[in-house]
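Trainee: With the input below, show me the fold.
(4 chains)
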Protein chains: 2
Amino acid sequence: MYAQAVSATPARIDPSRLAIGRGLERQTTTSLMAISSLQKKGPGETLFAEGDEADSVYEIVLGTVRLYKLLPDGRRLITGFLSAGKLLGLAPEGVCIYTAEAVTNVTLCRYKRTALERLMDEAPGFAKRLLSVASHELRAAQDQMLLLGRKTAAEKVASFLLMMAEGQGEEDADELDVPMTRNDIADYLGLTIETVCRVLSKLKQDKLIACESKSHIRICDRDRLEELASGETDTDL
Amino acid sequence: MYAQAVSATPARIDPSRLAIGRGLERQTTTSLMAISSLQKKGPGETLFAEGDEADSVYEIVLGTVRLYKLLPDGRRLITGFLSAGKLLGLAPEGVCIYTAEAVTNVTLCRYKRTALERLMDEAPGFAKRLLSVASHELRAAQDQMLLLGRKTAAEKVASFLLMMAEGQGEEDADELDVPMTRNDIADYLGLTIETVCRVLSKLKQDKLIACESKSHIRICDRDRLEELASGETDTDL
DNA sequence: CGCAAACTTGATGTTGCTCAAGCTAGGTGG
DNA sequence: CCACCTAGCTTGAGCAACATCAAGTTTGCG
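Mentor: Have a look, this model is predicted:
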């Protein structure tokens, strides 16, 4: 858990490029620009912690962020990894319910919650836009609940790899970058680091994937990986 | 999975009493009334199924509903139990991502999605209200992910009992009604029915709870139950 | 080049699952 | 009204999946 400091760079960028305003009118994106500010964080740095006052919403411009919750004895569950274009901080009212940390170098666009509230009242489509974002998050959370509660270790890892592949390249790229550690993956899937390693080794051995390096994986047999991930496999691993 | 038919009762009730319009202006609740219709379902009946077109939002007026997702081989995860005042069907866009079934006799208020969309454009606060509901669901989903991914069987069951107690009586009642079967509880906690039984027996034996009947439980030692649920226990069960 | 963090692999342990048997309660029909 | 019948619940014995503990190995950085 090292934290490599990166100087915050207050700045403005064109929010019509940003996801938060997608599909909205020019006037609204202009208002968004007026209340936004850019930030940077280095790997391991905290954006906000569980229990902090939730006064901002962030959009990730570049990089990957992990969100997690802790139990008192230190057990951790990562509720999600977010990459460019994703919003965070929408959910909480009053107090943050999870911690957000940079996985890689991260560039963020920050919006004050009070300003967003005002904009929601003024711009008709904006609250609907945020509702749509929240709905998608809810859907992802429910898929993840199914994974955590009912999938086997192999199915979990296969699902994770496919999810990472989707979030990457524009097309269904079979080459994927895994910026997070094995520990992060384990805490995301409700497993231990050793189990994640063993499953990856088995997938490699069975030629479903190939590891170009620790953080670069290629999907060799997408069909079988998808079959495994969705839980259609009877006797495997 | 029996389905006891109950005749649908088209009707209108005063939506200012309903949760969907909480905190909104009189004019908005009146519009809500105009687009609402009452429905009833008996135990085991389906409100909508995974894959159905998601054209409605429901509010539960009375009773309990379970939401679940299935894996191809039949493994089931219940993503939530909803009781009076809760909304369902908010999340999906296009297609339902889970099945909703009545646990008990259920009375529902149904709103057409298209009508809600229109109302969101007209009534300023309404989209914000729905966003707030979605945010709360998201928060609950994240707590459940922590439970599913990182809690032990005993911690899961303790958490479930406390959650049920909260949702019940107005005060923090220590008497709770458990309308769902042990099987439902197991599929909600990512356990088997046998494990749920064993944990309940152990909690009974340790005098943390008492079972008045199969579906009526009394919390005898709330402090220890909360300690167990939050994961502060080192060596227990 | 050397160090520390991350990763991998193996041996052993434990939690919760599976399989199996009996029990309980509530609804139905004689 | 009671006895039966069935769905749901409980408990036990054995087992498997995954966790834990313990070495090593690799990698990237100073």
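Trainee: Quick check: residues of chain A near DNA strand D?
Mentor: Those residues of chain A that sit near DNA strand D, judged by Cβ under 7 Å from any atom of the strand, are A:152-154, A:190-192, A:194-195, A:213-214. C-betas here are computed from N, CA, C, even on glycine.
Trainee: quick check, the longest helix anywhere in chain A touching chain B?
Mentor: Secondary structure of chain A per DSSP state H: the longest helix is helix A:124-150. Yes: under the criterion of Cβ under 8 Å from any Cβ of the partner chain, chain B is reached by helix A:124-150 at A:124-125, A:127-128, A:130-132, A:134-139, A:141-146, A:148-150.
Trainee: which among those end up buried?
Mentor: Buried members of the residues of helix A:124-150 next to chain B, counted by 16 or more other Cβ atoms under 10 Å in any protein chain shown: A:124-125, A:127-128, A:130-132, A:134-135, A:137-139, A:141-146, A:148-150.
Trainee: still on that earlier bit, can you redo the residues of chain A next to DNA strand D as TSV with neighbour count, distance to chain B and pLDDT?
Mentor: Listed next are the residues of chain A next to DNA strand D as TSV, based on neighbours: other Cβ atoms under 10 Å in any protein chain shown; distance: Cβ to the nearest Cβ, whole Å; pLDDT from 0 to 100:
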residue	neighbour count	distance to chain B	pLDDT
A:152	15	10	98
A:153	18	12	98
A:154	21	13	98
A:190	24	3	98
A:191	21	9	98
A:192	14	11	98
A:194	10	16	98
A:195	17	13	98
A:213	8	28	91
A:214	10	24	89
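Trainee: Closest one of the residues you listed to residue B:229?
Mentor: Nearest to residue B:229, judged by Cβ to Cβ, of the residues of chain A next to DNA strand D is residue A:190 at 17.7 Å.
Trainee: Just to be careful, could you list which of the residues of chain A next to DNA strand D are in helices?
Mentor: Those of these lying in helices (DSSP H): A:153-154, A:194-195.
Trainee: Can you show me the helices along chain A?
Mentor: With DSSP H as the criterion, chain A has helices spanning A:26-34, A:113-122, A:124-150, A:153-167, A:182-189, A:193-205, A:222-230.
Trainee: Make CSV out of the ones you listed and add distance to DNA strand C.
Mentor: As requested, the helices of chain A are exported to CSV (distance: least, Cβ to the nearest atom of the strand, whole Å):
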stretch, distance to DNA strand C
helix A:26-34, 36
helix A:113-122, 32
helix A:124-150, 9
helix A:153-167, 11
helix A:182-189, 4
helix A:193-205, 3
helix A:222-230, 17
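Trainee: Show me where chain A dips below the pLDDT cut-off.
Mentor: Residue ranges of chain A with pLDDT under 70: A:1-17, A:169-172, A:234-237.
Trainee: what's the domain layout of it?
Mentor: A:7-148, A:151-229 (automatic domain parsing).
Trainee: I'd guessed residue A:162 sits against residue A:230; true?
Mentor: No: with contact defined as Cβ atoms under 8 Å, residue A:162 does not reach residue A:230; the gap is 9.2 Å.
Trainee: neighbour-wise, which of those two wins?
Mentor: The residue with more neighbours, out of residue A:162 and residue A:230, is residue A:162; 19 against 16, by other Cβ atoms under 10 Å in any protein chain shown.
Trainee: would you list the domains of chain A in CSV and tack on distance to residue B:41?
Mentor: Output for these, formatted as CSV (distance: least, Cβ to Cβ, whole Å):
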stretch, distance to residue B:41
domain A:7-148, 22
domain A:151-229, 30
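Trainee: Figure out which of those is closest to residue B:80.
Mentor: domain A:7-148 (8.6 Å).
Trainee: how far out from the middle of the chain is that closest one?
Mentor: Distance of domain A:7-148 from the chain centroid (Cα atoms, centre = their mean, to the nearest Å) equals 10 Å.
Trainee: Appreciated, that's everything.
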